[in-house]
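predicted coordinates and the sequence they were generated for:
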2 protein chains.
Amino acid sequence: MGFGTVGSGAAELLRENHDHILKNSMQDSLELTHILDLRDFPGSPYEPILTHDFNDILNDDQTGIVVETMGGIHPAYEFVSACLEAGKSVVTSNKELVAEKGCQLLRLAESKNVNFLFEASVGGGIPIIRPISQCLAANEFGKIAGILNGTTNYILTRMFENGVSFEAALREAQDRGYAERDPSSDIDGIDTARKISILASLAFGKHVYPKDVKPIGISGVTEADVKRAAEQGCVVKLLATAEKLRDGRIDVEVRPAFIRKTSPLAPVSGVYNAILVKGNATEDVMFYGRGAGKMPTASAVIADVIDCCKHVGTRKFFGWEDSEPGYTVSGNASALEIADV
Amino acid sequence: MGFGTVGSGAAELLRENHDHILKNSMQDSLELTHILDLRDFPGSPYEPILTHDFNDILNDDQTGIVVETMGGIHPAYEFVSACLEAGKSVVTSNKELVAEKGCQLLRLAESKNVNFLFEASVGGGIPIIRPISQCLAANEFGKIAGILNGTTNYILTRMFENGVSFEAALREAQDRGYAERDPSSDIDGIDTARKISILASLAFGKHVYPKDVKPIGISGVTEADVKRAAEQGCVVKLLATAEKLRDGRIDVEVRPAFIRKTSPLAPVSGVYNAILVKGNATEDVMFYGRGAGKMPTASAVIADVIDCCKHVGTRKFFGWEDSEPGYTVSGNASALEIADV
């Protein structure tokens, strides 16, 4: 559902690496049955399976796994809910949907014994959802810190390395296709707030709602700030952190921060992202890679599809609980202070 | 089986994070039933379940998951084989066993529909086996590059940062407990060769035998080499690489290499490890963390145990095939040249 950048990338990947994917999913066949989009794609090899009617997917009993890459809450939420209700597993790359409705959708998936997976919703091609929920499952987490937005990291890297202004770096990012015409969701930290909300929900077991996170964006960062960071042996990054407080609440912060050059997060440059996870057994573990882009994100989508194939009839994912009001604390971090990461 | 550093760490972790682990494994109870070791541990809280007789484990129908942390091939191979034959899943941290016998043990596990998991065999607490086999399952891999040995990385980091000799850095590593009294397995690259063999087998789908890998160790690295690296904008690391050749064979190399400071592998210092994976969809993805140590490695062991709990009766892992003679190529890399990573 949704044949934009990520959706079409997933279809391409499924075709390109078909044998490899079939082998890894331990299936005899894996077939793309429908593509839902508002648009037409005349001449596309996918034209025969293109539809404008969601019911074509919903009512097809042969279709057991549905991929949602439309973005936004509506109608993605209604479509995904209906698919789960109908006993289909759902894979999504939609961070807004997971950040707002993850808890409800996971509960619905649980009640129907199907999977709702969303590796692609955070960190593009970087494996992070599965590592936190499975590989580090023996750990209790203290803190998660991440550089979760490639657009702002590109801008801050250019400002740092070339001494250009925020405005000049933003224009350059737009020219290179790394920033949208309206860049506010990235620049103001809204995209980052959604992603850290998902990671915090997963790591600490209760839903963190993005509306409770008060991000500070990077538009106020000046050339003087960047210079001062360098003088203090630091770099400037849009940093997201989620930390468990002693009283059980979670402090979630998004702000431009000074990061010491000795931190593993410091060398994460340009459009790359990284997530640092502190577990009580593992200590620091970090995941690094391209945080966005067509094929990296498609790779995460198809990995989830493969996982669904291997778990038909057995739900594999625990999920998290809903939270009480006041669970999330935010707004305690100041911009441009040295962060302890 | 084996109550040394990693085995006792796993037992501790199971107790410390018990509620968390139970929840993540979706079980009502999870009980440690036996500990096999040649030694006695008088006064230990585990004394009541300690045994010297492997048959106590093998013949206990209530024990469905066996953890092997003894190390070495014999009797680990015989014990693990017998457990799999008896329909028990096995989790191991034993890199020598997986590197030598992984293919056979995976096939045996397949035939009995049980799991043989080994996340802890490479990279200590760094999630890498599951990410390669699951999170990146939609990718075809071109190259894997890693800093896989904490002892040698500590020594090279000290030589680089403090200008000390190899001998002085080795003594320091021994004093701090980072190097064994007989450090040859680390220093000569044997440990690293085993780990890259496991990663290469997993990523490329056929068994790479460590005997076919010709490692170059770090004992020949001089202070002058380290200085020359710095002059060229590089650092020196014991680098392991596995790369698919055009004819389908795999080139596996272990050697001290110059790594450009712009590489994400360059800042990996001290006892930390990192693995860089190049997928055809994701491009560069890197995993970073403590490559050894009691609790990080125990964390990986228990994550596998949790996974076994969630997959009783359903094998979840594909494994890899055996390889024909000549499949692995090695010895083509020279020491102290700039590596393309």
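Done, it's in. Bear in mind the structure is a predicted one, so any value in this text is a computation, not a measurement.

which pLDDT value belongs to the closest residue to residue A:329 other than its chain neighbours?
Spatial nearest neighbour of residue A:329, chain neighbours left out: residue A:251 (4.6 Å); criterion: C-beta to C-beta, 6 or more residues apart in numbering or on different chains. C-beta: built from backbone N, CA, C; applies to glycine. At residue A:251, the model reports a pLDDT of 98.

is residue A:251 in a helix, a strand, or coil?
With DSSP: H, G, I helix; E, B strand; the rest coil as the basis, the three-state label of residue A:251 is strand.

do the same with residue A:247
Here residue A:247 is recorded as coil under three-state DSSP.

beta partners of the residue nearest to residue A:329?
When bridges are called by DSSP bridges, residue A:251 pairs up with residue A:243, residue A:329.

next one: it from chain B, what distance?
For residue A:251, the distance to chain B equals 20 Å [C-beta to the nearest C-beta, to the nearest Å].

which ones are touching that residue?
By C-beta atoms under 8 Å, 6 or more residues apart in numbering or on different chains, the residues touching residue A:251 are A:241, A:242, A:243, A:245, A:329, A:330, A:332.

now do residue A:66
Counting by C-beta under 8 Å, 6+ apart, residue A:66 has contacts A:1, A:57, A:80, A:83, A:88, A:89, A:90, A:91.

look up phi and psi at it.
With angles defined as degrees, to the nearest 10, residue A:66 sits at phi -120, psi 130.

what score does it have for pLDDT?
98.

pairing partners for it in the sheet, please.
Applying DSSP bridges, one finds that residue A:66 bridges with residue A:90.

against residue A:84, how distant is it?
9 Å (C-beta to C-beta, to the nearest Å).

any shared contact partners between those two?
Shared contacts of residue A:66 and residue A:84, counting by C-beta under 8 Å, 6+ apart, come down to residue A:90.

in what helix or strand does residue A:57 lie?
Secondary structure from DSSP states H and E places residue A:57 in helix A:54-58.

list, one by one, the residues from the stretch 101-250 of chain A near chain B.
A:119, A:125-127, A:130-131, A:133-140, A:205 (C-beta under 8 Å from any C-beta of the partner chain).

closest to residue B:103 out of these?
residue A:135 (22.9 Å; C-beta to C-beta).

the helices in the stretch 51-200 of chain A, which residues?
In the stretch 51-200 of chain A, the helices defined using DSSP state H, counting those that start in this stretch lie at A:54-58, A:76-85, A:95-111, A:129-130, A:150-162, A:166-175, A:184-187, A:190-204.

how distant is the shortest one from the center of its chain?
How far helix A:129-130 lies from its chain's middle: 10 Å, per C-alpha atoms, centre = their mean, to the nearest Å.

go on, the first one?
Its chain's C-alpha centre lies 26 Å from the corresponding centre of helix A:54-58 when counted by C-alpha atoms, centre = their mean.

so what's residue A:75 closest to, chain neighbours aside?
Residue A:75 sits nearest to residue A:54 (C-beta to C-beta, 6+ apart), 7.8 Å away.

who's in contact with that neighbour?
Shown in contact with residue A:54 (C-beta under 8 Å, 6+ apart): A:1, A:36, A:75, A:79, A:82.

farthest-separated two in those residues?
Every pair of the contacts of residue A:54 checked by C-beta to C-beta; the farthest is A:36 and A:82, at 12.2 Å.

neighbour-wise, which of these two wins?
residue A:36 (23 against 17; other C-beta atoms under 10 Å in any protein chain shown).

that one pairs with what?
residue A:51.

measure it to chain B for me?
Counting by C-beta to the nearest C-beta - residue A:36 and chain B are separated by 21 Å.

ok, now residue A:8?
From residue A:8 to chain B the distance is 13 Å (C-beta to the nearest C-beta).

which one is that residue nearest to, not counting chain neighbours?
residue A:294 (7.6 Å).

how far off centre is stretch A:242-261?
18 Å.

one step back: got the buried residues for the helix holding residue A:57?
For helix A:54-58, the buried set under the neighbour-count rule, 16 or more other C-beta atoms under 10 Å in any protein chain shown, comprises A:54, A:56, A:57, A:58.

and that helix, what's its mean pLDDT?
98.

convert that helix to PDB, retaining C-alpha atoms only.
Written as PDB, here are the backbone C-alpha positions of helix A:54-58 (Å, rounded to 0.1, in the frame of the first residue of the first chain):
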ATOM      1  CA  PHE A  54      -8.100  -1.200  -0.700                       C
ATOM      2  CA  ASN A  55     -10.800  -3.900  -0.700                       C
ATOM      3  CA  ASP A  56      -8.900  -5.800  -3.400                       C
ATOM      4  CA  ILE A  57      -6.200  -6.400  -0.800                       C
ATOM      5  CA  LEU A  58      -8.400  -6.800   2.200                       C
END
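
related to what we said a few turns ago, and the buried ones among the contacts of residue A:251, selectable in PyMOL?
Selection of buried members from those for PyMOL, criterion 16+ other C-beta under 10 Å:
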select buried, chain A and resi 241+242+243+329+330
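
of the contacts of residue A:251, closest to residue A:26?
Of those, the one sitting nearest to residue A:26 (C-beta to C-beta) turns out to be residue A:242, at 35.2 Å.

which one is that closest one nearest to, not counting chain neighbours?
Nearest one to residue A:242, counting by C-beta to C-beta, 6+ apart, is residue A:200 at 3.6 Å.
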